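Enquirer: need a 3D model of the sequence below.
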Amino acid sequence: MSGFVEKPEPLEVPGLVHLHTGKVRELYRNEAGDLVMVASDRTSAFDWVLPTEIPDKGRILTQLSLWWFDQFADLVPHHVLSTELPPGAPADWAGRTLVCKSLRMVPVECVARGYLTGSGLAEYKETRTVCGLALPEGLVDGSELPAPIFTPATKAAVGEHDENVSYEEVARQVGADTAAELRQTTLAVYSRARDIARDRGIILADTKFEFGYDGDTLVVADEVLTPDSSRFWPADQWEPGRTQPSYDKQFVRDWLTSAASGWDRAGEQPPPELPQEIVDATRAKYVEAYERLTGTSWT
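Expert: Model prediction:
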């Protein structure tokens, strides 16, 4: 089983039509036809959206995405039109709301990997490939790859896994020209972000992007280069051959799989509420990632 432990009821706001409830974001359309994305404080693990929220998480994700959009604006345009609250929106939406262009979305998760871990590591152990790309022998969990690779995945519904696919499959689905543009842009943005993060003592192991088209122009959408869409590791603790410490939901995952939670991941019951110390530690990690990357204090 998986999905929402408790699926929230979306707020009704005059002038906005609710379109979708995602793991973290609520999506609306305004009267002008633009999309309104609201990042909640929800968190997910093991394909479950948990019943406990992480305070400020949605604002941190939103503000960090905005900062990153500025860092690679010369490489690809983004979808944000405004950060102003729609009329009648609740005050709590401040700092977590983006008014965005409505794009023709590409149905592909565009993943770039510079280091081997996660689902890429699992595939490598079986075939010495990732998404059909052959890799050298002798790599271990956390190994830096000879060069960044594009490892796309299909988009999955809430509660389901994205599925890694080959570049050839992407080209078959969206066309050769679009596939080539997705790969080139994904790797260019990843390389820029990797270098910026490295200068701040952080390894960007991998990340995923979503793209859409505004006419004939490729545009990056959704969130970018946040702890929810990327693996960030402290560079001074990097040690290939083991699981790396991470700026993300590591505390949540570790607690859920510990005896302390009393939760059976393979069972029928949904995950329990998180204890306060896990909530506080997870929030602190998100704040630390924001502050180290942007060089500004979170308030």
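Enquirer: switch to C-alpha atoms for all contacts and neighbour counts from now on
Expert: Will do.
Enquirer: quick one: the helices in the stretch 51-200 of the chain, in order.
Expert: For the stretch 51-200 of the chain, the helices defined by DSSP state H, counting those that start in this stretch occupy 57-71, 118-127, 167-174, 176-199.
Enquirer: give the buried residues for the third one.
Expert: Burial within helix 167-174, assessed by neighbour count using 16 or more other CA atoms under 10 Å, is assigned to Tyr167, Glu169, Val170.
Enquirer: one more: the first one?
Expert: For helix 57-71, the neighbour count (16+ other CA under 10 Å) marks Lys57, Gly58, Arg59, Ile60, Leu61, Thr62, Gln63, Leu64, Ser65, Leu66, Trp68, Phe69 as buried.
Enquirer: could you do the longest one as well?
Expert: Judged by neighbour count (16+ other CA under 10 Å), helix 176-199 contains these buried residues: 179, 182-183, 185-191, 193-194, 196-197.
Enquirer: got it, and the second one?
Expert: With burial defined by 16+ other CA under 10 Å, the residues of helix 118-127 counted as buried are Gly120, Leu121, Glu123, Tyr124, Lys125.
Enquirer: tell me the gap between stretch 246-264 and the middle of its chain.
Expert: Here the centre of stretch 246-264 is set off from its chain's centre by 19 Å, with CA atoms, centre = their mean, to the nearest Å.
Enquirer: next: stretch 224-240.
Expert: On CA atoms, centre = their mean, the centre of stretch 224-240 falls 12 Å from the chain's centre.
Enquirer: name the residues that touch that stretch?
Expert: With CA atoms under 8 Å, 6 or more residues apart in numbering as the test, stretch 224-240 has contacts from 61, 64-65, 68-69, 140-143, 193, 198, 201-209, 223, 244-249, 286, 289.
Enquirer: if I look at Asp280, how far off is Tyr213?
Expert: 39 Å (CA to CA, to the nearest Å).
Enquirer: more neighbours, those two?
Expert: Between Asp280 and Tyr213, counted using other CA atoms under 10 Å, Tyr213 has the larger neighbour count: 17 against 13.
Enquirer: is it true that that one touches Leu103?
Expert: Yes - using CA atoms under 8 Å, Tyr213 makes contact with Leu103 at a distance of 5.4 Å.
Enquirer: need the nearest residue in space to Pro77, chain neighbours excluded.
Expert: Closest residue to Pro77 apart from its sequence neighbours, by CA to CA, 6 or more residues apart in numbering: Val219 at 5.2 Å.
Enquirer: ok, that neighbour - contacts?
Expert: Val76, Pro77, His78, His79, Leu103, Phe211, Gly212, Tyr213.
Enquirer: hang on, it in a strand?
Expert: Yes - counting by DSSP: H, G, I helix; E, B strand; the rest coil, Val219 falls inside a strand.
Enquirer: distance-wise, check it relative to Gly175.
Expert: Counting by CA to CA, the gap from Val219 to Gly175 is 17 Å.
Enquirer: next: Pro146.
Expert: For Pro146, the distance to Gly175 (CA to CA) stands at 28 Å.
Enquirer: ok, Tyr290 to Ala197 distance?
Expert: Counting by CA to CA, the gap from Tyr290 to Ala197 is 11 Å.
Enquirer: cool, and Leu204?
Expert: Distance from Leu204 to Ala197, by CA to CA: 7 Å.
Enquirer: the residue nearest to Val174 when sequence neighbours are not counted: neighbouring residues, count only.
Expert: Excluding the flanking residues, the one nearest Val174 by CA to CA, 6+ apart is Val106, at 7.6 Å. Applying other CA under 10 Å, we find 18 residues neighbouring Val106.
Enquirer: contact partners for Val106?
Expert: Counting by CA under 8 Å, 6+ apart, Val106 has contacts Val174, Glu210, Phe211, Gly212, Tyr213.
Enquirer: ok, Gln63 next?
Expert: Per CA under 8 Å, 6+ apart, neighbours of Gln63: Gly95, Arg96.
Enquirer: cutoff 10 Å now
Expert: Contacts for Gln63 (CA atoms under 10 Å, 6 or more residues apart in numbering) come out as Phe69, Thr83, Gly95, Arg96, Thr97, Leu98, Glu223, Thr226, Tyr290, Thr294, Trp298.
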